[in-house]
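In: whatever this is, show me its structure:
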Amino acid sequence: MGETAGSSVQNEPRGQDFEQVLGQSDARLARFEDRPPGLIAALQHGLHGNPTLVPVIVLVVAIAVFGLIAGGKFFSPFNLTLILQQVSIIGILAAAQSLIVLTAGIDLSVAAIMVLMSVIAGNLAVFMGVPTVLALLVAFAGGSAAGLMNGFFVTKVKLPPFITTLGTWSIFFALNLWLSGAQSIRSQDIDRNAPLLKFWGEGFAFFGARVTYGSLLMIAVFLVLWYLLNRTAWGRHVYAVGDDREAAELAGIQADRVLLSVYGLSGFVCAIAAWASIGRVGSISPQSFYEGNLQSITAVVVGGISLFGGRGSILGALFGALIVGVFQSGLRLANVDVLWQVFAIGWLIILAVAIDQWIRKVSR
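Out: Down below sits the predicted model:
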């Protein structure tokens with residue numbers, strides 16, 4: 001017994017032996033940590049840190065592919081500027097949608113707010129004789145109020161954003177029909193009484209094509225929102241609340257106030273889209289842009305903004321809108337049936353969400 005105990009004591013590592021064992025473990029750990037990640041893992045980490053790279057790469061590839069398929073028609077100045085015109089309204093709506101999605105919410109009412117504000121501005125300026133500038137200011141205030149209404153139900157009543165905006169979508173759509181009497185405001189009436197409403201539909205010649213002011217407005221909206229989200233304390237708070245609301249509140253951020261400001265700003269952007277939509281269409285219809293909500297979400301998802309909030313760049317939504325526009329234009333020039341264009345966009349959405357899920361695994 002004594003010999004066994006003594007031998008066991010003698011076999012135990014002591015002093016220098018412990019240091020040698022620990023040193024060997026540290027060396028093995030260091031060798032493990034220094035092992036370079038694989039190509040796929042490196043790509044995954046790179047995209048996690050720069051989520052906007054995904055839509056940029058997809059956009060470049062799509063342009064190259066459809067350029068090869070459609071030839072010179074696709075790269076003509078007319079077609080390229082036409083794509084910008086076609087995505088301008090959905091792009092602005094996607095900017096408004098991005099603000100909500102970054103806070104881990106979703107807004108199904110952005111298009112309804114836009115159309116309601118266009119109906120309000122049109123009725124005030126065209127039929128009631130209100131100065132156009134004042135009518136537009138009322139629309140901007142109304143859009144902000146509609147957004148704040150959504151924000152109130154989300155922050156104070158604690159309703160899920162999806163349910164809240166699904167309900168307000170019906171409310172705003174019904175108000176559209178009631179205020180307009182389900183009748184459109186004709187282009188001739190706008191030209192005669194309030195031509196300023198169609199300002200964003202005007203443009204200038206550019207290498208044989210026509211660039212509308214509405215296209216430039218879309219880009220300006222994205223740039224302003226990018227600055228607010230990336231260069232101000234408010235923008236950092238938006239990302240913090242979207243990433244982890246409880247942690248943000250523990251850090252002293254007033255999450256409800258941030259969310260209210262986000263919903264209010266989103267509604268204001270929808271009102272900007274309302275003014276731009278009048279110029280784009282040339283008339284005001286209470287039933288226009290019926291699929292605008294889903295199209296704005298499509299642009300956001302394809303643009304690499306995570307539906308779980310807190311990750312992505314708002315510029316991604318701009319690239320997402322352009323990707324959808326490029327796909328639609330390229331497939332149309334390739335004489336693909338409209339049915340299969342919708343089919344392709346559906347797969348594009350699924351692929352974008354799958355890539356987002358794959359990138360998110362880095363942070364788990």
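In: secondary structure element holding Ala104?
Out: For Ala104, there is no host helix or strand (DSSP states H and E).
In: do I have it right that Val301 meets Val353?
Out: Yes. Taking contacts as C-beta atoms under 8 Å, Val301 lies within contact range of Val353: 6.0 Å. Where C-beta positions appear, they are placed from N, C-alpha and C, glycine not excepted.
In: what is in contact with these two at once?
Out: Jointly contacting Val301 and Val353 under the rule C-beta atoms under 8 Å, 6 or more residues apart in numbering are Leu307.
In: and Phe204, that's in a strand?
Out: Yes. Remark: Phe204 belongs to a strand, assigned using DSSP: H, G, I helix; E, B strand; the rest coil.
In: so what's it closest to, chain neighbours aside?
Out: Nearest-residue entry for Phe204: Val211, 6.0 Å, with adjacent residues in sequence omitted and distances by C-beta to C-beta, 6 or more residues apart in numbering.
In: what is the helix or strand where that neighbour lies packed up against?
Out: Per DSSP H and E: Val211 is located in strand 209-212. Contact partners of strand 209-212 among helices and strands, from 3 or more C-beta pairs under 8 Å, 6 or more residues apart in numbering; DSSP states H and E: helix 77-101, strand 203-206.
In: can you mark which positions in it are buried?
Out: Ala209, Val211, Thr212 (16 or more other C-beta atoms under 10 Å).
In: repeat for stretch 152-168
Out: Neighbour-count burial for stretch 152-168 [16+ other C-beta under 10 Å]: Phe152, Phe153, Val154, Thr155, Pro161, Thr164, Thr165, Thr168.
In: how far does the lengthiest helix in the chain sit from its chain's centre?
Out: Identified as the longest helix of the chain according to DSSP state H is helix 255-281. Chain-centre distance of helix 255-281: 13 Å, with C-alpha atoms, centre = their mean, to the nearest Å.
In: rewinding a little: just how off-centre is the strand holding Val211 within its chain?
Out: 25 Å.
In: export it to PDB, keeping only CA atoms.
Out: Provided in PDB are the C-alpha atoms of strand 209-212 (Å, rounded to 0.1, in the frame of the first residue of the first chain):
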ATOM      1  CA  ALA A 209     -31.800  58.500 -73.100                       C
ATOM      2  CA  ARG A 210     -33.900  60.400 -70.600                       C
ATOM      3  CA  VAL A 211     -33.000  60.500 -66.900                       C
ATOM      4  CA  THR A 212     -35.900  61.500 -64.600                       C
END
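In: what's the average pLDDT for it?
Out: The average pLDDT for strand 209-212 rounds to 90.
In: neighbouring strands of it in the sheet, and parallel or not?
Out: The pairing partners recorded for strand 209-212 under DSSP bridges are strand 203-206 (antiparallel).
In: okay, buried residues for the strand it pairs with please.
Out: Gly203.
In: which one of the buried residues of stretch 152-168 sits closest to Leu217?
Out: Here the nearest of those to Leu217, counting by C-beta to C-beta, is Thr165; it sits at 24.3 Å.
In: which parts of the stretch 51-200 of the chain are helices?
Out: Ranges of helices in the stretch 51-200 of the chain, per DSSP state H, counting those that start in this stretch, are 53-70, 72-75, 77-101, 110-122, 132-155, 161-180, 187-193.
In: circling back: which residues are in contact with the strand holding Val211?
Out: 76-78, 80-82, 84-85, 88, 200-205, 279-280.
In: max pairwise distance over the buried residues of stretch 152-168: which two?
Out: Thr155 and Thr168 (14.2 Å).
In: returning to what we had before: of Val301 and Val353, who's got more company?
Out: Remark: of Val301 and Val353, Val301 carries more neighbours, 27 against 14, as counted by other C-beta atoms under 10 Å.
In: mind listing what the more buried one touches?
Out: Neighbours of Val301 in contact, by C-beta under 8 Å, 6+ apart: Leu307, Gly320, Ile349, Ala352, Val353, Asp356.
In: in helices only, show me those.
Out: Reading helices off the contacts of Val301 with DSSP H, I get Gly320, Ile349, Ala352, Val353, Asp356.
In: returning to that earlier point: mean pLDDT and distance to Ser261 added to the helices of the stretch 51-200 of the chain, as TSV?
Out: Output for these, formatted as TSV (pLDDT from 0 to 100; distance: least, C-beta to C-beta, whole Å):
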stretch	mean pLDDT	distance to Ser261
helix 53-70	88	26
helix 72-75	86	41
helix 77-101	95	9
helix 110-122	97	16
helix 132-155	98	8
helix 161-180	96	15
helix 187-193	96	33
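In: the ones you listed: which one's closest to Met218?
Out: That would be helix 77-101 among the helices of the stretch 51-200 of the chain, by C-beta to C-beta, at 4.4 Å.
In: now the angle from the closest one to helix 110-122?
Out: 110 degrees (axes from the mean of the first three to the mean of the last three C-alpha atoms, to 10 degrees).
In: extract the CA atoms of stretch 127-138 and return them as CSV.
Out: Taking Å, rounded to 0.1, in the frame of the first residue of the first chain, the C-alpha atoms of stretch 127-138 are listed here in CSV:
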residue,chain,number,x,y,z
PHE,A,127,-59.8,69.8,-56.4
MET,A,128,-59.7,72.1,-53.3
GLY,A,129,-57.5,74.8,-54.6
VAL,A,130,-54.9,74.5,-51.8
PRO,A,131,-51.4,75.7,-52.9
THR,A,132,-49.4,72.7,-54.1
VAL,A,133,-46.5,73.3,-51.6
LEU,A,134,-49.0,73.4,-48.7
ALA,A,135,-50.7,70.2,-50.0
LEU,A,136,-47.3,68.5,-50.1
LEU,A,137,-46.5,69.6,-46.6
VAL,A,138,-49.8,68.1,-45.4
